[in-house]
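Colleague: please work out how this folds:
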Amino acid sequence: MLENEFTFWPVGQGLFYTGIIGDFVFVYDVGTKNKKEFLENQIDSFSDNLLKITHDNSRAKIDVLFLSHYDIDHISGIKMLISKQFQIKKIIAPLITPLTELNFKLESLKSQNEFVVNNDLRETLDSLDTKIIFISPLNADENLDNNDHDTISDAVDITSMNENDFSSIKSASGIIKAKYNELWHFEFFAQSYEEEWVKEWLIHLKASLSLYNNIESDLNFNLDMKAEKKKKTELLASEVHTMVNDNFLSHNRLKILLNIIKCVAKNLNIIKDKANVISLILYHKPLIKEIETDNNAQLLTGDSVFQNSSSLTPTTEWEIFEKKISHFTDICVMLLPHHGSKYGWNDALTKYTNYFIVSYGKHNSYHHPNLCVTKKIDKRKLIRVNEESNTKLTIKFLPCFIFPHRCSIKLISGDKRRTMYFKL
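Modeller: Numbers count the residues shown, from 1 in each chain. Here you go, the predicted structure:
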């Protein structure tokens with residue numbers, strides 16, 4: 001049986017997921033908003049565990065680091081990985097746009113996280129000196145053909161994949177397909193966002209920042225709102241980003257800037273949960289004959305937003321995802337979207353998986369996981385991973401010696417072991 005191990009590490013309010021498949025190692029997000037010691041301890045444990053499984057002192061490498069998005073609690077540990085002598089060979093992440101840069105800048109300022117000081121996001125990632133493949137988000141009007149199920153035969157090996165392969169490995173549904181040798185199958189895509197509410201937020205933010213600048217400069221405030229609404233979202237984001245850098249950060253007006261942002265968000269009823277508009281969604285499963293059976297796939301959803309109950313919340317995300325999830329069959333474990341936020345939830349999710357995993361901080365201010373979400377899930381099917389070390393969840397595909405014609409998937413969470421057996 002191929003050595004394999006998949007782990008949700010207890011890092012508090014954040015996410016650190018690792019996968020070991022023979023000689024192939026990948027990570028999906030590495031970050032926390034809790035004390036950095038939580039994350040550092042788990043990275044050390046991962047390093048020790050990797051040595052035990054591979055028996056090779058020289059293999060402190062990560063073949064692929066997947067980044068779901070650019071919130072601090074999902075990426076703050078990248079430099080920590082490097083400081084622990086891990087070599088990151090490749091990063092696969094959503095495309096960085098002016099809107100992405102703006103969101104990253106604003107969140108970094110609010111959190112004052114040491115991951116970024118004054119650099120922009122692209123500069124920060126470029127400083128890592130590793131190959132980066134950026135994935136463009138799907139748009140609502142993109143081809144959502146649901147009949148493309150030939151998702152394995154034309155996939156390329158993920159260790160050699162680059163942007164030039166996308167035309168041949170992107171399915172009709174927009175999903176990118178890859179594999180590790182003939183052993184493991186990967187599919188991923190970047191979830192899109194609803195432009196209307198994002199544009200409204202940018203316009204109001206630009207108007208408020210402009211108003212303050214004009215008052216400070218004793219100028220007449222005059223912003224043509226009709227003209228602003230005709231601009232593209234990314235142009236508005238770029239303009240706001242420039243204003244933040246030139247008119248506020250360069251003049252040490254951080255406190256004023258944060259108050260303006262807070263007031264705009266309050267007036268538009270935009271809370272932090274609704275600002276996570278893009279996440280790279282990753283699906284993977286074995287191709288090995290011994291464990292190529294029902295309910296053996298895992299689905300990682302990052303901070304996806306699927307709720308559409310508010311006028312300023314994305315409305316197309318679930319519609320797009322629902323078209324995709326039909327491709328993602330036999331899901332054993334699904335990461336609960338956005339740490340169990342009510343804005344990441346959709347009732348239809350319960351019919352797609354055996355178990356939900358929620359990664360969160362026990363005393364977080366966001367009230368994750370939300371009660372309205374957890375009460376929809378059978379408590380026997382919800383596994384919690386937080387800053388307590390005994391909540392670490394390990395998933396292993398193993399041969400079943402009791403039933404020779406079956407494969408077993410073991411979910412080991414703290415002292416609790418849940419074993420599922422499936423016919424070969």
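Colleague: which stretches of the chain form helices?
Modeller: 36-54, 72-75, 78-83, 98-111, 121-126, 166-169, 195-216, 225-230, 233-243, 254-267, 317-325, 371-374 (DSSP state H).
Colleague: is it correct that D63 is in contact with I92?
Modeller: No: the criterion here is Cβ atoms under 8 Å, and D63 misses it with I92 at 10.6 Å. All C-beta spots, glycine's among them, are computed from the backbone N, C-alpha and C.
Colleague: more neighbours, those two?
Modeller: I92 (24 against 18; other Cβ atoms under 10 Å).
Colleague: list the contacts for that one?
Modeller: V64, L65, F66, L67, I132, I133, I135, F188, L280 (Cβ atoms under 8 Å, 6 or more residues apart in numbering).
Colleague: and the furthest pair within those?
Modeller: I132 and F188 (14.7 Å; Cβ to Cβ).
Colleague: more crowded one of those two?
Modeller: Shown here are I132 and F188; by other Cβ under 10 Å, F188 has more neighbours (20 against 17).
Colleague: that older thread, so of the helices of the chain, which one's packed in deepest?
Modeller: helix 72-75 (a mean of 24; mean count of other Cβ atoms under 10 Å).
Colleague: check which helices and strands that one sits against.
Modeller: If contacts are counted by 3 or more Cβ pairs under 8 Å, 6 or more residues apart in numbering; DSSP states H and E, helix 72-75 sits against strand 14-21, strand 24-32, helix 98-111.
Colleague: is it possible to export those to JSON lines including distance to L223 and mean pLDDT?
Modeller: Output for the helices and strands packed on helix 72-75, formatted as JSON lines (distance: least, Cβ to Cβ, whole Å; pLDDT from 0 to 100):
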{"stretch": "strand 14-21", "distance to L223": "38", "mean pLDDT": "96"}
{"stretch": "strand 24-32", "distance to L223": "36", "mean pLDDT": "96"}
{"stretch": "helix 98-111", "distance to L223": "18", "mean pLDDT": "82"}
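Colleague: distance to K230 for the ones you listed - can I get that in JSON lines?
Modeller: Listed next are the helices and strands packed on helix 72-75 as JSON lines, based on distance: least, Cβ to Cβ, whole Å:
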{"stretch": "strand 14-21", "distance to K230": "38"}
{"stretch": "strand 24-32", "distance to K230": "37"}
{"stretch": "helix 98-111", "distance to K230": "17"}
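Colleague: you'd agree F104 is up against H69?
Modeller: No: using Cβ under 8 Å, F104 is not in contact with H69; the gap is 9.4 Å.
Colleague: re earlier: so which of the helices and strands packed on helix 72-75 is nearest W184?
Modeller: strand 14-21 (5.1 Å).
Colleague: L249 reaches L257, doesn't it?
Modeller: Yes: assessed by Cβ under 8 Å, L249 is found in contact with L257 at 7.5 Å.
Colleague: need the residues touching each of these two.
Modeller: Common neighbours of L249 and L257 (Cβ under 8 Å, 6+ apart) are L109.
Colleague: for the residue nearest in space to the middle of the chain, give me its contacts.
Modeller: For the chain, the residue nearest the mean C-alpha position is S68 (2.4 Å; Cα atoms, centre = their mean). Counting by Cβ under 8 Å, 6+ apart, S68 makes contact with 15, 28-29, 74, 94, 279-282, 300-303.
Colleague: now it: phi and psi?
Modeller: phi -70, psi -40 (degrees, to the nearest 10).
Colleague: and the pLDDT at it?
Modeller: Reported pLDDT at S68 in the predicted model: 95.
Colleague: can you pull the pLDDT of the closest residue to it other than its chain neighbours?
Modeller: Counting by Cβ to Cβ, 6 or more residues apart in numbering, S68 lies nearest to G302, which is 2.8 Å off, once chain neighbours are set aside. pLDDT, G302: 92.
Colleague: same question, the one 4 residues further on
Modeller: Among the per-residue scores, F306 shows a pLDDT of 79.
Colleague: same question for the one 4 residues further on.
Modeller: pLDDT for S310: 47.
Colleague: could you report the neighbour count for the nearest residue to T301 once chain neighbours are set aside?
Modeller: Counting by Cβ to Cβ, 6+ apart, T301 lies nearest to P337, which is 4.4 Å off, once chain neighbours are set aside. Neighbour count for P337, taken as other Cβ under 10 Å: 30.
Colleague: contacting residues for P337?
Modeller: Counting by Cβ under 8 Å, 6+ apart, P337 has contacts S279, T301, G302, D303, S304, V305, F306, G344, W345, L349.
Colleague: equivalent analysis for L106, please.
Modeller: V244, I261 are the contacts of L106 under Cβ under 8 Å, 6+ apart.
Colleague: follow-up on the earlier one: from the contacts of I92, which single one is nearest G414?
Modeller: Closest to G414, out of all of those and judged by Cβ to Cβ, is F66, at 25.7 Å.
Colleague: that closest one is in contact with F26, isn't it?
Modeller: Yes: using Cβ under 8 Å, F66 is in contact with F26, at 6.6 Å.
Colleague: where do the contact lists of the two overlap?
Modeller: In contact with both F66 and F26: no residue, using Cβ under 8 Å, 6+ apart.
Colleague: what bridges to the residue nearest to M161 when sequence neighbours are not counted?
Modeller: Spatial nearest neighbour of M161, excluding adjacent residues (Cβ to Cβ, 6+ apart): A178 at 5.4 Å. Beta-bridge partners of A178, counted by DSSP bridges, are V156, F186.
Colleague: need the contact list for A178.
Modeller: A155, V156, D157, I158, M161, I169, H185, F186, E187, F188.
Colleague: gap between the two ends of stretch 246-260?
Modeller: End-to-end distance of stretch 246-260: 16 Å, with Cα to Cα, to the nearest Å as the criterion.
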